[in-house]
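J.: pasting a predicted model and its sequence here:
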Amino acid sequence: MARLYVRRRVLIISSLVIILVIVLFQPRKTSHEYQKQPNNNHKETNTDLKHNLVMFTTWRHRAKKVHAREVVLRNWRHLSPKIQPLIFTKTGVLRDRCLAENWLVLPEDEIRCLNKIPTLRGMFNSAMSTINSHLYGFSNGDLVFAKDFVKSIEVILSDESLKNKPLLILAKRLNIEYRPYRNTAFAYDDIPRIAKQGEYPKEGSSDIFITNKLFPWKRALELVIGRMGVGMWLSAFARALNVTLIDVTNTSTVLHLTTDGNQESLKNIDMNCNHDIIKANNLTCDNFSVGFIDCADHATNYKQNGDIRIFKKQYFKSYCFKPAFYRFVDKIKARFSVELSNNYYEADFSTKGR
């Protein structure tokens, strides 16, 4: 009996030790790593709005970009808490590195094309259904921002006339040749000075896309980032549906850390993937210049006292309203059976200045 009692006691103690070890060493989920909840209505997991903007991106490993992405990680961290950085990735090392810089992390969800690239629509839907924010935005993963960008977003959010309108906020970048051993610092406060060395690309596409929850993502095609066609098609699509487009280029310093030229997407085997998706859905635009950032109906600039203002443009470039645009509008109307207001088209579309 004594021997049986001892055995039982040893067994009980061993069981308790095992349970204690499991509890102590069980992996804990960091508060910055979100578990996506299935939700088709885009309801948030938290009812308190915490951020002005959740800005997200996604990366593929490239040796040439390692140093530049370290700059991006630190720069975006400085935008917090008003702008919260987020990355979509399934790579453990990258996830851990981003978490260390107070980024949020979500897994890639909807992917398309030969190289299995996340769709812009899928990332927006995932972010909106998981994280509370006033605005949500995608940026290319090699862009850094100055303080004036944060202020521009604040001004837009403070404008009561925009509260109940679908928005698409756009900006062009300044290309800066990045050499890791020549200019590794890129301190947050130095960006306006460095920007004087940069130049805007000749084509008119935006490099960031920021929307509120009223933007019609449910009607957008499953276009992927980092391939031709996504930016100008999305802008033309938004214009066709009377979304309010705001160009913040005049009041936002955005630098593109160029490491491999400015036409990297042309080097990919699936570079025409977006064009193929657009054609398959019969939503081609005969001339993509109608999706140039110059065609945004609103823009920002500075008042004499240095404050930022938003204004409605009265003059547009001639290419913004080519017949190609109206043919595209007809395709959108036919596809989605939507009634569009004519108010948007009553401005003076002269080519004389703004």
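T.: Everything's here; your move. Predicted, not measured: the structure shown is a model, and the values here were computed from it.

J.: dump the residue contacts of Phe138.
T.: Phe138 is in contact with Met55, Phe56, Thr57, Leu120, Met123, Phe124, Ile208, Phe209, Ile210, Ile225, counting by CB atoms under 8 Å, 6 or more residues apart in numbering. For glycine as for every other residue, the C-beta is placed from the backbone atoms N, C-alpha and C.

J.: least confident pick among the residues you listed?
T.: The member of the contacts of Phe138 with the lowest pLDDT is Ile225, and it reads 90.

J.: was I right to think that one contacts Arg121?
T.: No. Judged on CB atoms under 8 Å, Ile225 makes no contact with Arg121 at a distance of 10.3 Å.

J.: format the contacts of Phe138 as CSV; extra columns: distance to Asn287.
T.: What follows is the contacts of Phe138, written out as CSV (distance: CB to CB, whole Å):
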residue, distance to Asn287
Met55, 30
Phe56, 30
Thr57, 29
Leu120, 21
Met123, 28
Phe124, 26
Ile208, 23
Phe209, 20
Ile210, 25
Ile225, 23
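
J.: tell me which of the residues you listed is nearest to Ala280?
T.: Distance to Ala280 across the contacts of Phe138 (CB to CB) is lowest for Leu120, with 16.8 Å.

J.: how close does the closest one get to Lys312?
T.: 26 Å (CB to CB, to the nearest Å).

J.: how about stretch 143-154 as PDB, C-alpha atoms only?
T.: Included here for stretch 143-154 are C-alpha records, laid out as PDB according to Å, rounded to 0.1, in the frame of the first residue of the first chain:
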ATOM      1  CA  LEU A 143       8.500  55.100 -49.700                       C
ATOM      2  CA  VAL A 144       9.300  57.300 -46.700                       C
ATOM      3  CA  PHE A 145       7.200  60.300 -45.400                       C
ATOM      4  CA  ALA A 146       7.800  63.700 -43.800                       C
ATOM      5  CA  LYS A 147       5.700  65.400 -41.100                       C
ATOM      6  CA  ASP A 148       3.800  67.400 -43.700                       C
ATOM      7  CA  PHE A 149       2.100  64.200 -44.900                       C
ATOM      8  CA  VAL A 150       0.800  63.500 -41.400                       C
ATOM      9  CA  LYS A 151      -0.600  67.000 -41.200                       C
ATOM     10  CA  SER A 152      -2.200  66.700 -44.600                       C
ATOM     11  CA  ILE A 153      -4.100  63.700 -43.400                       C
ATOM     12  CA  GLU A 154      -5.200  65.500 -40.300                       C
END
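
J.: state the mean pLDDT of that stretch.
T.: 97.

J.: off-centre distance for it?
T.: Centroid separation for stretch 143-154 versus its chain: 14 Å, with CA atoms, centre = their mean, to the nearest Å.

J.: residues touching it, excluding its own?
T.: Taking CB under 8 Å, 6+ apart as the rule, stretch 143-154 contacts 52-53, 71-72, 75-76, 79, 82-83, 135, 169, 171, 173, 186, 188-189, 191-192, 195, 207-208, 210, 248, 251-257, 300, 308.

J.: what segments of this structure are strands?
T.: 51-58, 83-88, 104-106, 111-112, 117-118, 133-139, 143-145, 167-171, 174-177, 208-211, 244-247, 254-258, 298-302, 308-312 (DSSP state E).

J.: helices or strands next to the longest one in the packing?
T.: Looking back up the chat, that one is strand 51-58. If contacts are counted by 3 or more CB pairs under 8 Å, 6 or more residues apart in numbering; DSSP states H and E, strand 51-58 sits against helix 66-79, strand 83-88, helix 120-130, strand 133-139, helix 147-158, strand 208-211.

J.: what pairs with it, parallel or antiparallel?
T.: The pairing partners recorded for strand 51-58 under DSSP bridges are strand 83-88 (parallel), strand 133-139 (parallel).
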